[in-house]
Structure formats: structure tokens, C-alpha cells
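Asks: Can you look at this prediction? I've put the sequence above it.
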Amino acid sequence: MKRWFLNCRNTLCWCLVGLGICLILLGLVSLVSSTARPSVTYAQDDEAEYIGARECNSCHSELGRSHTESRHVLTLQKASEDTVVADFSQGEDVRTVQFPGEDAARPFTLEDAAYVVGSGRYVQRFLFEADRDEYYVFPAEWNVQSQSWQPFTLAESWTDPAYDWNQNCVGCHTTGLNTRRGTWEDDGVQCEACHGPGSVHAEEADDAGDSPSDRELRNIRESIVLSPDAQVCGQCHSRGTTSDGDYAFPDEYLPGQTLANSFTLVAADDPVHWWQTGHAMMPNMQYNEWLNSAHSTALSTLKESPEAEDSCLSCHSSDYQWTQAQISAVEAEERAGDAPDALTVDTAQFGVTCTSCHNPHAENNPDFFLTTSDTYTLCTDCHQNTDEGIHHPVKEMYEGVQIVDNVEGKPSSHFTDENGPECTTCHMSEIPIESDSRATHSLKPVLVDGSEDTPPDTCTGCHADLTPDYIEQFVEGTREKTADRLQTVETSLASAADVPEWVQTVVDFVKGDGSLGIHNYAYTDALLDAVELQMGLVQITVPTSSMTQAINPSDCEECHRNEFRQWASSPHANASLTNVFLRDFANQGRPGYCMNCHGSGYNPDTSSHAFEGVVCTSCHTMENGVEHPPAPVEIGKASEVCGRCHSGAHAPTYDEWLVSAHNSSGIDCVDCHTPHNNGLLLDDVNATCGSCHQEALTDPVHMGEEMDCVDCHMVRQLADDGVHVVNTGHSMLINPGVCADCHGNTHLLSVRESNSSTEQQIAEVNTLQSEIDKLKEEADEERNAGVVGGALGALIVVIILGIMWRMRSFL
């Protein structure tokens, strides 16, 4: 008994010691928390009350003046001649409604409107006061862009709850809303809509007087919300409902709180609000889209990286940017009080949020409150290389900046075009939303996916000459090919020795850009070409046709009008423009060398070509660079001229001709074909062949009705892709299988059929295979049952042994 008491006493002592240590640690944490200087985000005091923008402006007069004319304030105004941009002299039929208590329907007028809704950028709507503090939105709106009235249809009847302003809209067009009474503190989006109720903040400032101490300044700043938290903007720039489903806006949310606690965003698969491409279909869904973007996860992604450093926060964290700005202001003596502590990867709270690009207090109210009017600079401030190795070199890739000595830089054609696209052209393209269009904040281009329920794709808005199918195949083909090439190179690098450093630099550069060739395919292709050559993955390919100066075919038309007219509609003229070529060109990732034959004036150094299709100078060359006229032009009659392009694996015409009787007999391409329109000399196949082979035309069987010489002598064979020709028939040799197509399974003419299995044999094989599969399935089931049974048996044995051991200890 005494031993037991001593053990208990020792245990109690240790527990008391542990409790004391925990209390000490807790006190230290509390002390640190109370003395640490705040950085950006403060929790809103639930007891604070709204005091109105007028009270805020008494101290913050400069901010107040600039904000007064901002679009935030103009979201709700008293209806008057000064606040209306709509023309009430037109659109009476659209504005006609049935007013309560009136006998006949009539157009609503400015005098019927209590408030104007909307700043005048897209549309203006108007409110009707149905009862005291109860408003309905009129079912017609003024389209600012088209300068006309249009229906605003939310339901069949104007009295439908869909038009109820108090239930659906008021929370985001007012400040200091009291939903129970239907009243609010300020019209429009004013200071306290984003910074929270300001009564405590104002009291702290009044108590501190004109010369607050550092501690008083800290208390003043802590009593109001100063935060780049996207939820502050998201309370209105989003679509959803309150938790109880009563309102379409967050009626209980205060800045500094968690929006999701009181507001549920629309589901990501809701077809009423989303295009199936992942882009918003309704207005005011910027926050919904942002949540699906990489900007929203920029900080969390960084924190997961083992290479994360505090310096990365300058682009990955909006509150880091805010804090650094405050520290700089204190150092420059432009801000009173203590500077906040610099944030670290561990203490930063927010990723790339709204305020990273927008400044609601920007002077002169720039369009969309952007921090800079130059959107390209705004994006590339972060989307560029760092001083410490390759990171996300989007800017360098797009501009074609030279990164290694081995490969000359090649700017994207988009970048060099004076009217070319910028980042936002593709990544924030205009998406149709109701009667207008809005820039997407998903930051994803709209790609062609073949379905009908999609907004207009990003590319064809500029490339109207290209079909959506072509663009889809080009984008997918380019990305897939680049990804495959990168994987092949990296696999080779893993087992290679003594690889030059520049090779890894190129790989990191292409991977870091992230577009897999879309931002600048020519440069990406050239860089990977150099790497593949260095790694021995490819060999140098010498172009089959010499590079000659290409002349505009229109210059030839002046004298050679008939030839030009024939050529203009020929396959040669359209060699780079047909759907078949464009589709395959896209699938191959648009390799520049294809234009060595399909275009004219191809320059392998720049992967560019001067003219589309095969032009006159592709076949008619000038010796020693002389001009024609007056010098004569060489007429390309030899088959070798055609063979420069009509040869190789996917166009083997010239290779087949070399082994044909035509070659040994001195029959060249032009003896049968007319190069200007790619036709036949005598237009008809049998007439052309019969001009030499007259005896063949007398065959009563093989020259029967609807039969041509090429049916037997020039059978074309396509590759599995259905595009490339593996046999053009220009060897003129007859395949016995061709005879079987007409004569059937006669003797050995159709060996392929005689060697094939009969239906009965195939059925027997299928039956045997089914029995084999069934036996395998039964064997697997028995094996699994045995494993499970063995495991259960072992478990039971262990339990029994454990019980016996416990019983032994009691005995």
C-alpha cells in the first residue's frame, strides 16, 4: 500500500511540473502576441457601428474626394437628370409596365424612378418604390453601349420576387444595410463597405487627438480593416446565396471575417452560371472565377515548395506587398508610427488577390482601378525571369530574349506586331454575359473543344481566317508535341554524362514558360532543336530544295495572265492553305520546315516564309541572281525540279517514278501533267495515257465502262492517319491484290483472303478464350478467399494467446 501511495505521489508531482511548464509557455505566447506589431489584416469589432462616409471624409478628405466620383459610389444614386445617362424619349414599348393601382399599362418615366442603379459603364437600371423602403427593379434597362432600351427579363411578371430589390440586390449597392428595416447608411459602395463599421475607429482617433502616440496609432489602425483579402471584394463580386437562402448577397458578412461562414457560392457545375469551359456566364462573378485561378493559390503553392524563400513573396503574396509598402512609407517618413514587421513565408496570409492588380483608391479613377494602365507591364512584373535562375520566364519567351549562346532569340510574331495581343487579350478575353461581355478572371483562354455550349474561342476573334477545328488541333498538337519532346530530352539527360550547362538552361526555360510552345512556338522549336541535336536525339536534315529568292506571283501576272489565272486556283497556289494541310500542320506542331515545300521563300534561320503556296519562282529559277526580264527564265521541265518536294516518306511520287519504266523511257512529270494547274495534258486520264499506250485502249475487259488506266496501274495507298500518302502509284506496277478487288478469291490473286480465318474458326477461338477467362476468374477468387481465411485464422490465434497470457498473470 505504501509503495502504491509513493507511486501516485510521484505521478502527481510530474503532472504538476508539466502543468507549470505549459502555463509558462502559454504566458510567453500571450506576451509575444500582445507586443507584436500588426501587418495588414485586422478582425472587425462586432460592436462597431456604421458612421457614414461623411464622418470618414472629415479625416480622410483626399481619399474621400477621389472616391466620390468612383464607379463604386455611383452604383446607387438618387434618380435625377444629373445621375441618368438613359434617354427616356425612346423605347416606350420596352418600358411599358402595369403599375400597382393603375388601370392601364404605361411606360415608366424618370419621375417614376426613386433610384438609379449602375455607374453607367454597361447598363443603367431604375428602382420603383412600391412601399416605404420596399423597392422593385423596373423590367427594362438602358444599354450604354448600344444607346438603347432593352428588356430586363427576370420572370414573367414584374411583381415576381426576382425583381425584389431588397431581397436580391440592395446589399451590394449600399453601405451599412439593415436588412430587417430595409434601410442603409450610405448609397453606393462607400468606405465602410470594405473597411467595416468605423465607430470604434473614429472614437479611438478622437480620444488620441492631434498628436497620437505610437501605441494610440496602433490602436486606431487595429480598429478598422486594412486588408488585401479577396473576400472583401468577393462579398459583392460573386454569385451565391446566404446560408438560409433568403438573400442573394451576404447580409451578415463583415470585412475581416470568413465569407463562406455566411454565404454559399454557386456550384462550379451550375449550368445557369457557368459555361462548360469554366468561364462565368453571369455578371459579378469575378470572385467565383478567381477562386478557380492559379492566382488564388499562389501563396499556398509557394508554401508547399521546399525551395520557398521570403523573396518569393513579392509576387506570391498581396499582403507582403502591402506590408512592404507600409515599411517603405515609414522609412521615408511618409507614415507615422511604428513600421509593421516584415512578413515571411510562414506569416503571409494571402496570395495574388484583387489589390495586386487593382487599386480602389487610385487617383483620377483609372479604368477598372488598375494599378497601371499598361496591362502588359502589370502582368510581366511577375511573369518574368528572376535574378536567381530561371523561374517563370513568360516575358522572355514571348519577347524572344536570347538565353543561350547556341540559339539566337526569336520574338513571337504576336509581340512584334504593332497591333498584336497582350497578356489580357488571351488570358482575360471578353466573355458574353447577358447583353454584354466582361473580361474573365479565370485567366484561362477559351479554347475550342468542339461543343456548342461554349463562348467564342479566344483565337478566332483575331484569326478569323482559321477554322475552329484547325485552331483546336494546332493548340493541342503544339502542346502535346512540345511536352513529348521535353520528356524525351529529360529522359536522355537522366542517363547522360558531361552535358553542357546550357542544355539544362533551355529545358528549364521551356518548362518554366508553361505554355508548351503557345507563347512563342518558333523560339521553343528552335531551342529544342538545338538541345535534341546536342543530345544526339536528331540529326541535321538538309532541305531537299535550295533556298531561292521568292518573287511575288502578282509581278508575273502582268505578262503571263493566262498562266497566272490557271495557277491561282491550283493545288500549288493553295499548298499551304488547304484544310487537309492546315489540320496536319497543326497536329505536327507547325514545324517551320514544312513551308520549305508548302510555302515559298522559306528561311530556315527564322522558320518564316515569304508567300503562301508554291509560287512561280519555286519552279522557274534565275541563274546567278539576274532579273527577268530582260534575262530569260529557266523553265523547270526536269523531273528533278518536281522531286525537290514530291519525294520522301509522305510524298514519294518522285521516288516511285525513279523505278518506273517512264524514267527509263525518258518520260518526265511535265509529259503528263500541266504544272500551272496540276492537271493532265489532255484533261482525261485515258486520253493522256492513250496518247502513247494506244494498244491498251483496245482491251474490251479492262477498258470497259467507267474504268481508267489508273484503276490498276496507279492505286494510291494512304497511311493509317488518312492524310499521308505512302504509295502514289507512280511506279506504274500492278499489285495482285488490286485484281482481287474485282475478280474475287481466284487462285493466288487474293492470298490475304485465303489465309484469313473462317467465321466458325473465329467463333471457336472466342469460346475457348471465354472459358479461359472464366477459369482465371475462379482461380483468383479461390486464392483471395484463402488469403482472407488465413489472415482471420492468424488473428484468432493471436487473440487466444493474448487471453491466455492475461489469465496467467491473474493466476
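Replies: Yep, it's here.

Asks: CA only for contacts and neighbour counts going forward, please
Replies: Fine.

Asks: ok, and what's touching stretch 681-691?
Replies: 671-674, 680, 696-697, 708-710 (CA atoms under 8 Å, 6 or more residues apart in numbering).

Asks: Which positions within that stretch qualify as buried?
Replies: 681, 686-690 (16 or more other CA atoms under 10 Å).

Asks: quick one: average pLDDT of that stretch?
Replies: Taken as a whole, stretch 681-691 has an average pLDDT of 85.

Asks: now the end-to-end length of it.
Replies: Stretch 681-691 stretches 10 Å from its first residue to its last (CA to CA, to the nearest Å).

Asks: That stretch: how far from the chain's middle?
Replies: Counting by CA atoms, centre = their mean, to the nearest Å, stretch 681-691 is centred 54 Å from the centre of its parent chain.

Asks: for the protein, where's the lowest mean pLDDT among helices and strands?
Replies: Every helix and strand in the chain was compared by mean pLDDT, DSSP states H and E; the lowest is helix 751-754, with a mean of 40.

Asks: quick revisit: switch the buried residues of stretch 681-691 over to CSV; also include secondary structure.
Replies: What follows is the buried residues of stretch 681-691, written out as CSV (DSSP: H, G, I helix; E, B strand; the rest coil):
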residue, secondary structure
Leu681, coil
Asn686, helix
Ala687, helix
Thr688, helix
Cys689, helix
Gly690, helix
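
Asks: Let me have these in JSON lines, extended by distance to Arg71.
Replies: Listed next are these as JSON lines, based on distance: CA to CA, whole Å:
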{"residue": "Leu681", "distance to Arg71": "72"}
{"residue": "Asn686", "distance to Arg71": "77"}
{"residue": "Ala687", "distance to Arg71": "78"}
{"residue": "Thr688", "distance to Arg71": "76"}
{"residue": "Cys689", "distance to Arg71": "78"}
{"residue": "Gly690", "distance to Arg71": "81"}
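
Asks: just the residues you listed now: which is nearest Val641?
Replies: Leu681 (18.3 Å; CA to CA).

Asks: Now, the contacts of stretch 681-691 that are in strands?
Replies: Using DSSP state E, the subset of the contacts of stretch 681-691 located in strands is 673-674, 680.

Asks: So what touches stretch 264-271?
Replies: By CA under 8 Å, 6+ apart, stretch 264-271 touches 238-243, 273-274, 276, 278, 288.

Asks: burial count for the residue nearest to Gly400 when sequence neighbours are not counted?
Replies: In space, and not counting its chain neighbours, Gly400 is closest to Pro411: 3.8 Å by CA to CA, 6 or more residues apart in numbering. Pro411 has 20 neighbouring residues, counting by other CA atoms under 10 Å.

Asks: Contacts only, for Pro411.
Replies: Contacts of Pro411 by CA under 8 Å, 6+ apart are 397-401, 520, 523.

Asks: Mind doing that once more with 7 Å?
Replies: 398-400 (CA atoms under 7 Å, 6 or more residues apart in numbering).

Asks: other SSEs contacting the longest strand seen in the chain?
Replies: When every strand of the chain is counted residue by residue (DSSP E), the longest turns out to be strand 123-131. Packing partners of strand 123-131 (3 or more CA pairs under 7 Å, 6 or more residues apart in numbering; DSSP states H and E): strand 115-117, strand 134-137, strand 140-143.

Asks: Next one: Leu795, what pLDDT does it get?
Replies: So, for Leu795, pLDDT stands at 63.

Asks: re earlier: how about the contacts of stretch 264-271, which pair is most distant?
Replies: Ser243 and Gln276 (25.9 Å).

Asks: ok so, going back, which among the helices and strands packed on strand 123-131 is found nearest to Gly196?
Replies: Of all the helices and strands packed on strand 123-131, strand 115-117 sits nearest to Gly196, with 22.7 Å by CA to CA.

Asks: Low-confidence regions, the stretch 701-811 of the chain specifically.
Replies: By pLDDT under 70, the low-scoring segments of the stretch 701-811 of the chain are 720-726, 744-769, 771-776, 778-811.

Asks: how far away is Ile551 from Lys637?
Replies: To Lys637, Ile551 is 20 Å away according to CA to CA.

Asks: Check His427 too.
Replies: His427 is 52 Å from Lys637, by CA to CA.

Asks: same thing with Asp93?
Replies: Relative to Lys637, and taking CA to CA, Asp93 is found at 74 Å.

Asks: Also Glu331?
Replies: Counting by CA to CA - Glu331 and Lys637 are separated by 81 Å.

Asks: and stretch 400-409, what's its mean pLDDT?
Replies: Here the average pLDDT along stretch 400-409 is 94.

Asks: and what of stretch 428-443?
Replies: Averaged across stretch 428-443, the pLDDT comes to 90.

Asks: hmm, who's touching that stretch?
Replies: With CA under 7 Å, 6+ apart, stretch 428-443 has contacts from 279, 281-283, 286, 289-290, 292-293, 427, 445, 455, 458.

Asks: top of those by neighbour count?
Replies: Most surrounded of the contacts of stretch 428-443: other CA under 10 Å gives His279, at 27 neighbours.

Asks: so what's the backbone phi/psi at that one?
Replies: Backbone torsions of His279, given as degrees, to the nearest 10, read phi -100, psi 150.

Asks: before we move on, the earlier item: list buried members of the ones in strands among the contacts of stretch 681-691 by neighbour count.
Replies: Buried members of the ones in strands among the contacts of stretch 681-691, counted by 16+ other CA under 10 Å: 673, 680.

Asks: Format the contacts of stretch 264-271 as CSV; extra columns: distance to Asp214 and secondary structure.
Replies: Converted to CSV, these look like this (distance: CA to CA, whole Å; DSSP: H, G, I helix; E, B strand; the rest coil):
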residue, distance to Asp214, secondary structure
Ser238, 38, coil
Arg239, 42, coil
Gly240, 42, strand
Thr241, 42, strand
Thr242, 40, strand
Ser243, 41, coil
His273, 49, coil
Trp274, 50, strand
Gln276, 54, coil
Gly278, 49, coil
Asn288, 40, helix
